[in-house]
Every structure is written in structure tokens, then in C-alpha cells.
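Undergrad: here's a sequence, model it:
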Amino acid sequence: MRFLITAGPTREPIDPVRYIGNRSSGKMGAAMASAAARAGHEVQMIVGPVSVPMPTDVDLITIESSSDLETAVIANFPTADILIMAAAVADYRPIFVSPTKLGRGESLTLELEPVPDIVATTAASKKPHQRVVAFSLEQAGNIDRAREKMLRKGVDLMVFNPTDTMNSDVINAILLYPDGRIENLPSRTKVQFADVLIERAVALT
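TA: A predicted model of the protein is given here:
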């Protein structure tokens, strides 16, 4: 099967040197890609500015902003069987981006706009054989929000991902399915979890 996996953060520019970003390292996406490759699948990765090494045995596309990510996903999803959206996409971006470096002043006010919902847009375009797996980074216990996002976005499997394991080597994940099934997984390393998720993703097809 052909996997398309996104990883890492996005950077939303304020000016040529400043940006809005987040603390995603890319560990989860890297583990997913490695697990899929080990299982014999073809893997393409779309990777933001990560802080950890990425697998070398996959087709790698590097991006910076949410706009870059959206363009890359739309361009490459049509040839994929399974999309795993493990990237931590910024929720907001500046409406105005200065073409030159902003000088220091007394204060700076930024007007932000929500970024496009890449997961929902992609899920709406999927063909009958395609599946979309997404992550919901939430405070521990906030499963209802993750379930609502799964149903609203139309994804085939949602991973409830507690914020306290964002940059950890371990994850306490809960898998949510559109038919109401919930699979509580014991705490394990992200490498071990990746093997499980790849198996579950393949089983969806």
C-alpha cells in the first residue's frame, strides 16, 4: 500500500525572520513512516521544520507553512491509499505578513486568521479505497472533543493524543472509530505505537 504521512510543526510567517509555530518535534510522524516502511509499504512523507532525524528510506517532501502543507497534501493524496496526518498544523496565521523585518517598538498587535482545515478538505475528497487517519492533540480526558472532530472532519480513525506526551518518547493514545468503537492502548513508546497504528490503518481498507 502507499502511505502519505505528514510530520512536524508548521511555521506561519510574521515577517522574513519571525513566525508563529509550535513545539512539535516530528517524532510521531517519523515513527509512523519507519513502521510503514518496515511493514513493506511505500511511504511518502511531508515534513515541516522538525527537530529530530527523519527516515532515509522514504520519499521526503519538506515544507514550512500550513499553506505549503495544504498544497503538498492536495497534490500527493490522489496517489495514496492511506493518509496519516501526524503534523501539528498551526491553528492560526497572521493576516498580514510584512515583506521586511519589523523593527522593535513599544508593542506589536497581530491580527490572525484560522488556517484551512486540511484534514477535513482531504477527507472530503477521498475515493472509496482511500482512508484518512488523524491526530487530536488534547488535554488528558477530553475525548469528547476528539470524537466531535473525527465525525465533523469525516476521518476514518482518530488518535486521541494527550498534550503531556507531545514531545515525549512515549504516548498514551486512545483510538476512536466512527462506528463508536474506542480502543484504549496502554502507555508505550511511539515506535511501538507506530507499529500498532499502521496495522490498524491497513485494517481499515
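Undergrad: need the next SSE after the worst-scoring helix or strand of the chain on mean pLDDT, C-terminal direction.
TA: Least confident helix or strand of the chain, by mean pLDDT, DSSP states H and E, is strand 170-171 with a mean of 87. Next helix or strand after strand 170-171 toward the C-terminus (DSSP states H and E): strand 174-176.
Undergrad: and the contacts of that next one?
TA: Outside strand 174-176, the residues that touch it by C-beta atoms under 8 Å, 6 or more residues apart in numbering are 143, 146-147, 150, 157-160, 181-185, 197, 200. C-beta here means a position set from N, CA and C on the backbone, and glycine is covered the same way.
Undergrad: measure stretch 68-82 end to end?
TA: Stretch 68-82 has an end-to-end distance of 20 Å (C-alpha to C-alpha, to the nearest Å).
Undergrad: tell me the mean pLDDT for that stretch?
TA: Averaged over stretch 68-82, pLDDT sits at 98.
Undergrad: list the buried ones in that stretch?
TA: 68-70, 72-73, 76-77, 80-82 (16 or more other C-beta atoms under 10 Å).
Undergrad: Throw those residues into CSV and include secondary structure, thanks.
TA: Listed next are the buried residues of stretch 68-82 as CSV, based on DSSP: H, G, I helix; E, B strand; the rest coil:
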residue, secondary structure
Asp68, helix
Leu69, helix
Glu70, helix
Ala72, helix
Val73, helix
Asn76, helix
Phe77, helix
Ala80, coil
Asp81, coil
Ile82, strand
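Undergrad: just flag the most distant two among these.
TA: Spanning the widest gap among the buried residues of stretch 68-82 are Asp68 and Asp81, at 23.1 Å by C-beta to C-beta.
Undergrad: strand partners of the lengthiest strand in the chain, parallel vs antiparallel please.
TA: With residue count as the measure and DSSP state E as the assignment, the chain has strand 131-138 as its longest strand. Strand pairing for strand 131-138, using DSSP bridges, gives strand 82-85 (parallel), strand 157-162 (parallel).
Undergrad: contact partners of the last one?
TA: Right, strand 157-162. Residues from elsewhere that reach strand 157-162 (C-beta under 8 Å, 6+ apart): 28, 131-140, 143, 146-147, 149-150, 171-177, 197, 200-201, 204.
Undergrad: for stretch 190-205, same thing?
TA: With C-beta under 8 Å, 6+ apart, stretch 190-205 has contacts from 1, 3, 27-28, 31-32, 34-36, 38-39, 41, 81-82, 84, 129, 131, 133, 156-157, 159, 168-171, 173, 175, 183, 185, 188.
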